[in-house]
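Novice: Sequence and predicted model, in that order:
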Amino acid sequence: MTQRVLVVDNVVRWIGQVRQLLESAGYDVLTARSVADAYPILAQRNVDLAIIDLRLTDETAEGDYSGLELAKAGPP
């Protein structure tokens with residue numbers, strides 16, 4: 001069974017590089033560019049590992065969000 005990794009970062013280039021590395025190692029990779037993008041993924045999919053930017057800027061809301069806050073919150 002392929003393990004699934006969620007990569008959350010607002011830097012598209014970094015997401016692409018990490019995705020390529022993980023997929024070449026055999027992982028199923030999901031990506032999100034914001035907190036708003038990550039919540040539906042966490043609510044709908046089982047994730048074995050999440051790699052989360054420590055400071056996320058959510059374009060749909062004001063302010064920065066800690067990646068740790070997202071991890072603690074889990075699915076909405």
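Specialist: Structure received.
Novice: For the protein, give me the ranges with low pLDDT.
Specialist: 57-66, 68, 71, 73-76 (pLDDT under 70).
Novice: biggest helix in it, by residue count?
Specialist: Longest helix in the chain, counting residues (DSSP state H): helix 12-24.
Novice: just checking, what packs against that helix?
Specialist: With contacts taken as 3 or more C-beta pairs under 8 Å, 6 or more residues apart in numbering; DSSP states H and E, helix 12-24 sits against strand 4-8, strand 28-32. C-beta here means a position set from N, CA and C on the backbone, and glycine is covered the same way.
Novice: quick one: contacts for the nearest residue to residue 33 once chain neighbours are set aside?
Specialist: Using C-beta to C-beta, 6 or more residues apart in numbering and skipping residues adjacent in sequence, the residue nearest residue 33 is residue 10, 5.4 Å away. Residue 10 makes contacts with 33, 34, 53, 56, 57, as judged by C-beta atoms under 8 Å, 6 or more residues apart in numbering.
Novice: phi, psi of residue 10?
Specialist: phi -90, psi 0 (degrees, to the nearest 10).
Novice: All set, thanks.
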